[in-house]
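J.: Requesting a structural model of the entry that follows:
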Amino acid sequence: MKKNLLTLLSLTLALSFSVSSCTIDINDGDNGSTTVTPGTTESVLNGSGTLSGTISKDILIKKGTYILDGIVKVTNGATITIEAGAVFNAVTTKSSSLVILQDGKINAVGTASEPIVFTTTNKQPGDWGGITLYGNAPIKAVNGLSQALSEDGNSVYYGGNDANSNSGTMKFVRVEYGGKKINDGTSETNSMTFYAVGAGTTLENLVSYKGTDDGFEFFGGTVSGKNLVAYGNYDDSFDWQDAWSGQNNTNWYAFQTVTGNFGMEIEASANVDNTAPKISNITLIRDTNTNPEVAGSVEISAIQFKRQGTGIFSNVYISGYKNTGGKNAYAVLIQDDATNNNQVNANPTKVSVSPINYVNSDNAGVWGYAQTNGGKTFTNTATVTKVSLTPGAWATVDGVNLLAGLQ
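T.: Residues are numbered from 1 along each chain as shown. Below you'll find the model as predicted:
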């Protein structure tokens, strides 16, 4: 009976895990014993094992410690469900990553005391590729195109017409040491990447820790994020393009240390007509002696707008952005005249950073301009305070409280 049941419920996922000290591989047509829920097509990993290959049927991963081996893709209507307390150690000798394709879904719900953690035993920035979600929400890529090819090495076309598409739920999830250059060296992944992800997706209490590219990057789409922490990422803490337009974002915190570029890098892929995303409660802190990836770079300001990028930000607290390497650091830097003319001046409601409290930083009270136009000023509002986030294991790495800068 068990043999017949497993034949009917054979999986396309190639997995191996230990059951009573016996290692069992699950593949198409495998008739060996495993943990399969009777009457469903769901597989269960119960505390240990290796996740690899393509997941095309539902899988439940219980609390425990696992290996993430290579690029794992979720597709074919499958949902990967991960319980609170699950820890994944990515294989660092491969371009390991977790990729949720347009026809897949993730249900990863941790807690403040038992987060879901993706890390490595090597503990070095850029060890693996991070987590990528695809959705079916609209984008505006270069030249206003409604579809574009991903730059994560997976060569997936993204961009759809369902603003409320749902790629799943991620709560209390931490990604450590993700984001890396792959393939030819020009493609990159971030700690967490969202391609055309829709507003039906839930992103809350997420941490990106010491990745070598951006902490969080949005390529178009309409999804919003709440309680996001970017700590020690080499490139930008928050980045978006392709006219991302999330409207319900709140409580974003970046702490840049040792190596870091912009706190926020904002563009709309040169599309003048775009919907400005909205974010309330932002704290950007740059630690002493933090330098850009490239010496002498201008990428040292808190918030940069370029290529028609827009954003409506309220209650913004910025600290520690000092002139570095002969370049000026600003609370807000407008990178090009086109953005200044078409967005800052012509549509003043589409580029707004107010109220703002800019402290312990250089060039207070004035926006910076990399090109010829400029002159916008602002007044510090001392009543704007730092973001308030729930403390706990979800924001603690190796005994270091990532939220200490908010105290």
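J.: Which residue ranges of the stretch 301-407 of the chain form strands?
T.: In the stretch 301-407 of the chain, the segments counted as strands under DSSP state E, counting those that start in this stretch are 303-305, 311-319, 332-334, 351-353, 356-359, 368-369, 396-397, 400-401.
J.: Output those in JSON lines, with distance to S56, mean neighbour count and mean pLDDT appended to each entry.
T.: Just so you know, the C-beta spots here come from the backbone N, C-alpha and C atoms, and that holds for glycine as well. As requested, the strands of the stretch 301-407 of the chain are exported to JSON lines (distance: least, C-beta to C-beta, whole Å; neighbours: other C-beta atoms under 10 Å; pLDDT from 0 to 100):
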{"stretch": "strand 303-305", "distance to S56": "41", "mean neighbour count": "26", "mean pLDDT": "98"}
{"stretch": "strand 311-319", "distance to S56": "38", "mean neighbour count": "22", "mean pLDDT": "98"}
{"stretch": "strand 332-334", "distance to S56": "45", "mean neighbour count": "26", "mean pLDDT": "97"}
{"stretch": "strand 351-353", "distance to S56": "44", "mean neighbour count": "22", "mean pLDDT": "96"}
{"stretch": "strand 356-359", "distance to S56": "48", "mean neighbour count": "20", "mean pLDDT": "98"}
{"stretch": "strand 368-369", "distance to S56": "50", "mean neighbour count": "20", "mean pLDDT": "95"}
{"stretch": "strand 396-397", "distance to S56": "33", "mean neighbour count": "18", "mean pLDDT": "98"}
{"stretch": "strand 400-401", "distance to S56": "39", "mean neighbour count": "12", "mean pLDDT": "96"}
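J.: Of all those, which one comes closest to S96?
T.: Set against S96 and scored by C-beta to C-beta, those come closest in strand 396-397, at 19.1 Å.
J.: how about stretch 332-350 as PDB, C-alpha atoms only?
T.: Provided in PDB are the C-alpha atoms of stretch 332-350 (Å, rounded to 0.1, in the frame of the first residue of the first chain):
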ATOM      1  CA  VAL A 332      19.000  63.900  -0.900                       C
ATOM      2  CA  LEU A 333      21.000  63.800  -4.100                       C
ATOM      3  CA  ILE A 334      19.400  64.500  -7.500                       C
ATOM      4  CA  GLN A 335      21.700  62.800 -10.000                       C
ATOM      5  CA  ASP A 336      20.600  64.200 -13.300                       C
ATOM      6  CA  ASP A 337      18.900  67.300 -14.800                       C
ATOM      7  CA  ALA A 338      16.100  65.200 -16.400                       C
ATOM      8  CA  THR A 339      14.900  63.900 -13.100                       C
ATOM      9  CA  ASN A 340      15.100  67.300 -11.500                       C
ATOM     10  CA  ASN A 341      13.200  69.000 -14.400                       C
ATOM     11  CA  ASN A 342      10.500  66.400 -14.900                       C
ATOM     12  CA  GLN A 343      10.000  65.100 -11.400                       C
ATOM     13  CA  VAL A 344      11.400  67.400  -8.700                       C
ATOM     14  CA  ASN A 345      10.200  70.700 -10.300                       C
ATOM     15  CA  ALA A 346       7.300  69.700 -12.600                       C
ATOM     16  CA  ASN A 347       5.700  67.300 -10.200                       C
ATOM     17  CA  PRO A 348       6.700  68.400  -6.700                       C
ATOM     18  CA  THR A 349       4.300  65.900  -5.100                       C
ATOM     19  CA  LYS A 350       6.100  63.000  -6.700                       C
END
